[in-house]
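[1] Predicted model and sequence follow; I will ask about them next.
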Amino acid sequence: MLFRSNKKFDATDSRNKFSWIKSGNSELVRFSRGKWECAMNFSGAALKFDTAGVVLSSEPYSEGEIPANSALWMIR
């Protein structure tokens, strides 16, 4: 189940350049595309994470954490 808010993303906008973001944790994969950021937690435990700007999550989340085995999409 995905949880989202009502914000729009235009994938055809040339300002939406893809780039990897260093996380410092091999089980936390992050990338951005334009003002959007995605963070994926591949570990079996929740990780501390800045959840400001979350618009979509693959699992319910608590402020300041990304749940185990889940992903968050944010506007930064």
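    On my side now, so go ahead.

[2] Can you show me the helices along this protein?
    Taking DSSP state H, the chain contains no helices at all.

[3] pLDDT weak spots in it?
    Counting by pLDDT under 70, the chain has low-confidence residues at 1-15.

[4] could you redo the last one with a cut-off of 90?
    Within the chain, the set of residues satisfying pLDDT under 90 comprises 1-18, 33-35, 76.

[5] buried set for stretch 22-35?
    S23, L28, R30, S32, G34 (16 or more other Cβ atoms under 10 Å). In this view, the C-beta of every residue, glycine as well, is placed from N, C-alpha and C.

[6] thinking A46 is in contact with I66, fair?
    Yes: proximity of A46 to I66 meets the contact threshold set by Cβ atoms under 8 Å, at 6.6 Å.

[7] Please identify which of these two sits among more neighbours.
    I66 (26 against 17; other Cβ atoms under 10 Å).

[8] is that one in a bridge, and if so with what?
    Here I66 sits in beta bridges with L47, going by DSSP bridges.

[9] check contacts around it.
    For I66, the contact set (Cβ atoms under 8 Å, 6 or more residues apart in numbering) comprises L28, A39, N41, A46, L47, F49, T51, L72.

[10] And those, which two are furthest apart?
    Across the contacts of I66, no pair lies farther apart than L28 and T51, at 13.1 Å, counting by Cβ to Cβ.
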